[in-house]
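Trainee: All I have is the shape, not the residue letters:
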């Protein structure tokens, strides 16, 4: 099993910044990809960004140029630096991990999820 714990959410004004963290523990050696998803109230959970163990990165179009995904050298902590935040970025942000290497923007590709952290952007 893999456990994921997010932190770093909060309330910020539009144009502000936040950095989310996700720490993985347990059977992490075979993780090939970690990702961030978000879910706004009344909407489906959507892909935000992912990073493979080889460092291949992908973003959804709406966050390109504003969000940056990274990880520490040990590979067990992943970050999401969020700049120029907008009210439409308001959501619960979830960290996810998978042993799969395909279809990485799909929620059903990820068997392991964190509990989520709330990000609220005020206008």
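Mentor: All right, it came through fine. Predicted model only: the values in this text are computed from it and were never measured.
Trainee: can you tell me which residues contact the residue sitting nearest the centre point of the chain?
Mentor: Nearest residue to the geometric centre of the chain (CA atoms, centre = their mean): residue 36, 1.9 Å. Listed by CB atoms under 8 Å, 6 or more residues apart in numbering, the contact set of residue 36 reads 20, 22, 48-50, 69, 78, 80, 93-96. To be clear about C-beta, it is placed using only N, CA and C from the backbone, and glycine gets the same treatment.
Trainee: and what of residue 62?
Mentor: Neighbour list for residue 62: residue 88 [criterion: CB under 8 Å, 6+ apart].
Trainee: sec struct for it, please.
Mentor: Following DSSP: H, G, I helix; E, B strand; the rest coil, residue 62 is assigned to helix.
Trainee: That one and residue 76, how far apart?
Mentor: Taking CB to CB, to the nearest Å as the measure, residue 62 falls 28 Å from residue 76.
Trainee: before we move on, what about residue 67?
Mentor: From residue 67 over to residue 76 the distance is 21 Å, taken as CB to CB.
Trainee: Which one's more surrounded, the two?
Mentor: Applying other CB atoms under 10 Å to residue 67 and residue 76 shows that residue 67 carries more neighbours, namely 20 against 14.
Trainee: residue ranges of the helices in the chain, please?
Mentor: Under the criterion DSSP state H, the chain carries no helices.
Trainee: need the strands for it, in chain order.
Mentor: Under the criterion DSSP state E, strands of the chain are mapped to 2-7, 10-13, 18-26, 33-39, 46-52, 57-59, 67-71, 77-82, 91-98, 112-113, 117-122.
Trainee: Residue 106: which of those strands is closest?
Mentor: strand 46-52 (7.6 Å; CB to CB).
Trainee: buried stuff in that closest one?
Mentor: 47-52 (16 or more other CB atoms under 10 Å).
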